[in-house]
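Participant: Here is my input, please return the structure:
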Amino acid sequence: MDGASPGEGELLRADGVEVHYGGILALGPVSLALGAGGLVLILGPNGAGKTSLLRALAGAVPLRAGRVLLAGHDISRVPAHRRVRQGISLVPEGRGRLPNLSVRDNLMLSWHAAKSGRRCAFAVELEHVFALFPVLKERMEQDCATLSGGEMQMLAIARGILAKPRVLLIDEPSLGRAPRAIARVYEALAKLNAEGLAMVLVEQKAVPFRGQHEATIVLHNGKARFRENRRPTAAELAALYLGEGTAP
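Facilitator: This is a model prediction of the structure:
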């Protein structure tokens with residue numbers, strides 16, 4: 001995870017990425033590497049640069065410096081909609097749905113966004129979604145604006161996986177959700193990761209499942225203060241959130 005040459009088996013890599021907003025440095029330089037079926041946790045307090053990092057990986061914001069590689073190919077200048085077709089799907093803080101459309105319409109639009117060679121028939125893909133989130137089957141004809149917060153998060157993740165990603169980027173899935181909804185969402189994410197879907201997962205606090213191959217990055221004021229193939233202890237995390245830790 002140090003910005004060296006791409007390693008064998010790497011699926012997604014970021015080397016020294018920086019993001020600026022209006023000339024102000026919001027993130028960087030930050031590097032990470034993710035293998036097939038891997039999990040990278042991005043932790044940090046509000047304003048740490050977590051969302052900026054996901055948006056940079058997804059192509060939603062331009063890089064000021066650094067590069068992003070997918071399966072060894074430089075995609076740093078590839079626009080966001082093309083990155084979706086190439087296998088990167090972003091789930092943005094539960095807002096990944098289109099208002100004034102039904103749940104079915106939202107899901108169908110995401111299914112159409114997938115590269116045709118990687119997707120099955122819509123009905124087949126829906127069965128996978130319903131196995132993860134049974135409540136969505138009951139809400140298919142409902143306007144998505146009428147869903148609960150937890151249901152909106154489930155729909156956002158369902159939209160993400162219907163795009164048939166190789167890498168799923170998830171931004172704070174537990175934010176403002178009820179405990180039961182959080183448990184259901186994380187149960188689904190754990191299952192997807194166990195099935196081999198690589199993830200970059202942003203949270204402010206502990207993540208209630210462990211990936212088979214995982215690493216953790218803790219950001220503070222846009223900088224990586226911790227970057228290891230383990231999770232920080234509670235004491236370490238508290239110090240890092242206060243800006244007292246440094247990257248090893």
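Participant: okay, CA-based contacts and neighbour counts for the rest of this
Facilitator: Noted.
Participant: where do the strands sit along this structure?
Facilitator: Remark: strands assigned in the chain by DSSP state E are 10-21, 24-35, 39-43, 65-70, 73-74, 88-92, 167-171, 198-203, 214-220, 223-228.
Participant: Mind putting those into CSV with mean neighbour count?
Facilitator: Below are the strands of the chain laid out as CSV (neighbours: other Cα atoms under 10 Å):
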stretch, mean neighbour count
strand 10-21, 21
strand 24-35, 21
strand 39-43, 26
strand 65-70, 19
strand 73-74, 13
strand 88-92, 26
strand 167-171, 26
strand 198-203, 25
strand 214-220, 24
strand 223-228, 21
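Participant: With distance to P99 added, can I get the ones you listed in JSON lines?
Facilitator: Output for the strands of the chain, formatted as JSON lines (distance: least, Cα to Cα, whole Å):
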{"stretch": "strand 10-21", "distance to P99": "28"}
{"stretch": "strand 24-35", "distance to P99": "29"}
{"stretch": "strand 39-43", "distance to P99": "28"}
{"stretch": "strand 65-70", "distance to P99": "31"}
{"stretch": "strand 73-74", "distance to P99": "34"}
{"stretch": "strand 88-92", "distance to P99": "15"}
{"stretch": "strand 167-171", "distance to P99": "19"}
{"stretch": "strand 198-203", "distance to P99": "24"}
{"stretch": "strand 214-220", "distance to P99": "32"}
{"stretch": "strand 223-228", "distance to P99": "35"}
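Participant: Just tell me which of those strands ends up closest to Q153.
Facilitator: For those, the distance to Q153 is smallest for strand 88-92, at 8.7 Å, taking Cα to Cα.
Participant: what about the closest one, distance to the chain center?
Facilitator: Strand 88-92 sits 5 Å away from the centroid of its parent chain (Cα atoms, centre = their mean, to the nearest Å).
Participant: And for stretch 85-102?
Facilitator: On Cα atoms, centre = their mean, the centre of stretch 85-102 falls 11 Å from the chain's centre.
Participant: Over to stretch 73-82?
Facilitator: On Cα atoms, centre = their mean, the centre of stretch 73-82 falls 16 Å from the chain's centre.
Participant: got the contact list for the one residue sitting closest to the centre of the chain?
Facilitator: Residue closest to the average C-alpha location in the chain (Cα atoms, centre = their mean): L169, at 1.5 Å. With contact taken as Cα atoms under 8 Å, 6 or more residues apart in numbering, L169 is in contact with 54, 58, 88-91, 199-201.
Participant: Adding distance to A121 and mean pLDDT, write the strands of the chain out as JSON lines.
Facilitator: Formatted as JSON lines, the entries for the strands of the chain read as follows, by distance: least, Cα to Cα, whole Å; pLDDT from 0 to 100:
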{"stretch": "strand 10-21", "distance to A121": "26", "mean pLDDT": "95"}
{"stretch": "strand 24-35", "distance to A121": "28", "mean pLDDT": "94"}
{"stretch": "strand 39-43", "distance to A121": "28", "mean pLDDT": "96"}
{"stretch": "strand 65-70", "distance to A121": "26", "mean pLDDT": "97"}
{"stretch": "strand 73-74", "distance to A121": "29", "mean pLDDT": "96"}
{"stretch": "strand 88-92", "distance to A121": "19", "mean pLDDT": "94"}
{"stretch": "strand 167-171", "distance to A121": "21", "mean pLDDT": "96"}
{"stretch": "strand 198-203", "distance to A121": "23", "mean pLDDT": "96"}
{"stretch": "strand 214-220", "distance to A121": "32", "mean pLDDT": "95"}
{"stretch": "strand 223-228", "distance to A121": "40", "mean pLDDT": "94"}
